[in-house]
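**Student:** Next input, structure requested:
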Amino acid sequence: MNNKIKVSIITPTFNSGSTISSNLESVFKQSYKNWELIIVDNLSQDQTLNIIKRYDKKKIRVFSGKDRGIYDAINKGIKTAQGSIISILHSDDFYYNKSSLLNIVNTFNQSQVDVVYGNLIYVKKRNTNNILRFWKSRQFKKGDFNKGWSPAHPSFFVKKKIYKKLGNYRINMGNASDFELMYRFLEKNDVKNKYINKTLVTMRYGGSSNKTIYNILSQNLRIIRVLNINFNILKLCNFLFSKLFERLSQFIKRPNKK
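**Tutor:** Numbers count the residues shown, from 1 in each chain. Coordinates of the predicted model:
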């Protein structure tokens, strides 16, 4: 294991007092210890910042100020990151187990790639032991995004040099910014990548992208524009039906036991 590789974990927060503790606990429990946590807070008015202060200040850097949304906050975190690997861990999310970072770092060490991603589980917001969906990914192939496939964004780990080369999140894309970035990196720029069949992150259901029907529709309309298939009926139908099948299957599959 190469402990010299630092992982920068970026967590945007806004009134995240009800969930930030489980996020932080999962980070501090990681068996791989060469990491930094960058909190980018959008002027929270609850106990978020007070809770963060209870943890080791040497491992956490907090930036507080008005931002233009989650992806603007993430971009600020990327800019200040000192690590060579970037992990995006939203304040509602937490690492699946203590080996998540170790599995990622080991994969980067063993493979000549610039992106590593894995699986994710969705759980109930208040009962995180209740699994709702299992997002099992697979190794990317050209054209997969047009078939309704994409990696689970919180499980998507990227070397910082790729952000410097290809750019950060495009905040004008709204809640499809993560999809656009992954599509830009993998499909359009052929960034070397590797999928590992391990669950890396737990995500509470009801985040910004799937909180309402409007958000879901808005996100998918933006994704269709990113793929440039909005005027091609055949490609559009293939995308929508494939994505629907992909999502429905996630409610049936279940992860292997830890």
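**Student:** Hmm, Ser91 and Thr19 touching each other?
**Tutor:** Yes - assessed by C-beta atoms under 8 Å, Thr19 is found in contact with Ser91 at 5.7 Å. For every residue, glycine as well, the C-beta is placed using N, CA and C.
**Student:** which residues does Arg254 contact?
**Tutor:** For Arg254, the contacting residues are Ile131, Phe134, by C-beta atoms under 8 Å, 6 or more residues apart in numbering.
**Student:** how far away is it from Asp92?
**Tutor:** To Asp92, Arg254 is 21 Å away according to C-beta to C-beta, to the nearest Å.
**Student:** can you list the weak-confidence ranges in this protein?
**Tutor:** The chain contains residues with pLDDT under 70 at 1-2, 207-212, 257-258.
**Student:** burial of Ile252, as a residue count?
**Tutor:** Ile252 has 8 neighbours, counted by other C-beta atoms under 10 Å.
**Student:** Wait, a helix at it?
**Tutor:** No - assessed with DSSP: H, G, I helix; E, B strand; the rest coil, Ile252 is coil; it does not lie in a helix.
**Student:** Return the backbone torsion pair for it.
**Tutor:** With angles defined as degrees, to the nearest 10, Ile252 sits at phi -100, psi -40.
**Student:** tell me the phi and psi of Phe251?
**Tutor:** Backbone torsions for Phe251, taken as degrees, to the nearest 10, come to phi -80, psi -10.
**Student:** In CSV, list the C-alpha atoms belonging to stretch 136-150.
**Tutor:** What follows is stretch 136-150, C-alpha atoms only, in CSV (Å, rounded to 0.1, in the frame of the first residue of the first chain):
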residue,chain,number,x,y,z
LYS,A,136,-24.2,-1.8,-9.4
SER,A,137,-22.0,-0.4,-12.2
ARG,A,138,-19.8,-2.0,-14.8
GLN,A,139,-16.8,-1.3,-16.9
PHE,A,140,-17.4,1.6,-19.2
LYS,A,141,-17.6,1.0,-23.0
LYS,A,142,-18.0,3.7,-25.6
GLY,A,143,-21.6,4.5,-26.2
ASP,A,144,-22.8,3.4,-22.8
PHE,A,145,-24.0,6.8,-21.7
ASN,A,146,-26.4,6.8,-24.7
LYS,A,147,-27.9,3.5,-23.4
GLY,A,148,-29.0,5.1,-20.1
TRP,A,149,-25.8,4.0,-18.2
SER,A,150,-23.6,6.1,-16.1
